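Student: I would like the atomic coordinates for the input below:
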Amino acid sequence: MKIFRPLLRWLVPPLTVGIACLLTFLMPGSRANAPLFLFLTAVLISTWYGGWMMGVLATMLAAFVTARFILPPGQSHFFMGASDVWRWTLFILIALMISSLHASRSRAERRLRYSEQRLSLAVESAHLGVWDYNLITRTFWWSKTLEVIYGRTNNDFPKTYGQFFGCIHFDDQPLFNRAITRTIDEGTDYEIEHRILLPDKSVRWVNTRGRVFFDRASRAERIVGVTTDLTERPVAQEYLRFYREAEGRDELTPVA
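Tutor: The predicted structure follows:
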């Protein structure tokens, strides 16, 4: 299959151009009008399947076929009038534009894919959990690493922000809510350390930092959080002892 696909890339341009040429001859009265949209379709398919180079190849093949067999007089490399030259030139420009736009889009998609892969590796390597809450659509997204931190799987992980908020220790929910509210109102980042409840009712300390993003109307649109598990840090046990001693205070002191 790996060998067949590169070969198919080179076969698509002549096949699509050939089909476009055949359809042109089968359509009554079409040879004189030169239905260039058929050949543009061939260029589009070739570009989509094989990339920019195959799009250019299809463009050159289509240009030759239209000049040689489609535009009158038949079996000639010359054009009879300015209208033929105009249509032929217009076809070349549009076809090359299609190939160029597809190439630009492919490069952008490739850069985005590479960026996402690098980000995913960085998040997993640092054991960071990421969540994204859309304040307008109320949609909630989370990373796989956040499931690990919260001791859950995709099946039992909270599907809404409200359910996610419920996983925070009851005593720390006011702290978390104040941080989120202040971030939305002031547009500033936040960073807090709080407890979460695991499915077995055990407690885990985490650090959560986040940022709010605004839309063009300056409305708070999304709030994104990054969570780090503090359980493995030696200071976590000291933090638990410190909290018991300071129980009842309004806010927790961040871990140094």
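Student: now residue 150: phi and psi?
Tutor: phi -90, psi 0 (degrees, to the nearest 10).
Student: wait, it touches residue 196, no?
Tutor: Yes - with contact defined as C-beta atoms under 8 Å, residue 150 reaches residue 196; the gap is 6.2 Å. From N, CA and C alone the C-beta is placed, and that goes for glycine too.
Student: neighbour count winner among those two?
Tutor: residue 150 (24 against 21; other C-beta atoms under 10 Å).
Student: which neighbours do residue 150 and residue 196 share?
Tutor: Taking C-beta atoms under 8 Å, 6 or more residues apart in numbering as the criterion, residue 150 and residue 196 both touch residue 167.
Student: counting by contacts, list what the helix or strand hosting residue 175 packs against.
Tutor: Residue 175 is part of helix 173-186 when elements are defined by DSSP states H and E. Contact analysis of helix 173-186 by 3 or more C-beta pairs under 8 Å, 6 or more residues apart in numbering; DSSP states H and E lists helix 161-166, strand 190-197, strand 203-214, strand 220-229 as its packing neighbours.
Student: and that helix, what's buried?
Tutor: 175-176, 179-180, 183-184 (16 or more other C-beta atoms under 10 Å).
Student: which of those lies closest to residue 40?
Tutor: residue 184 (48.9 Å; C-beta to C-beta).
Student: if I look at the residue nearest the centre of the chain, how far off is residue 162?
Tutor: Per C-alpha atoms, centre = their mean, the C-alpha nearest to the average position across the chain is that of residue 112, at 6.6 Å. Applying C-beta to C-beta, to the nearest Å, the value for residue 112 to residue 162 is 31 Å.
Student: in a strand, residue 216, correct?
Tutor: No - secondary structure of residue 216 (DSSP: H, G, I helix; E, B strand; the rest coil): coil, not part of a strand.
Student: give me the distance between it and residue 183.
Tutor: According to C-beta to C-beta, residue 216 and residue 183 sit 19 Å apart.
Student: then residue 26?
Tutor: As for residue 26, its distance to residue 183 is 65 Å (criterion: C-beta to C-beta).
Student: for the buried residues of helix 173-186, which one is nearest residue 137?
Tutor: residue 184 (15.6 Å).
Student: check contacts around the spatially closest residue to that closest one that is not a sequence neighbour.
Tutor: Closest residue to residue 184 apart from its sequence neighbours, by C-beta to C-beta, 6 or more residues apart in numbering: residue 220 at 4.7 Å. Shown in contact with residue 220 (C-beta under 8 Å, 6+ apart): 135, 184, 187, 212-214.
Student: apply 10 Å and report the result again.
Tutor: Residue 220 makes contact with 135-136, 183-185, 187, 212-214, according to C-beta atoms under 10 Å, 6 or more residues apart in numbering.
Student: grab the nearest non-local neighbour of residue 128.
Tutor: What sits nearest to residue 128 in space, not counting adjacent residues and going by C-beta to C-beta, 6+ apart, is residue 226, at 5.5 Å.
Student: for residue 178, see how far away residue 150 is.
Tutor: Distance of residue 150 to residue 178, given as C-beta to C-beta: 21 Å.
Student: for residue 131, same thing?
Tutor: In terms of C-beta to C-beta, residue 131 sits 18 Å off from residue 178.
Student: which stretches in this protein count as helices?
Tutor: With DSSP state H as the criterion, the chain has helices at 4-26, 30-33, 36-50, 52-65, 82-125, 144-149, 161-166, 173-186, 235-245.
Student: mean confidence score for the longest one?
Tutor: Over the span of helix 82-125, the pLDDT mean works out to 68.
Student: which positions in stretch 127-141 come out as buried?
Tutor: 128-133, 135, 140.
Student: out of those, which is nearest to residue 103?
Tutor: Closest approach between the buried residues of stretch 127-141 and residue 103, by C-beta to C-beta: residue 132, at 31.0 Å.
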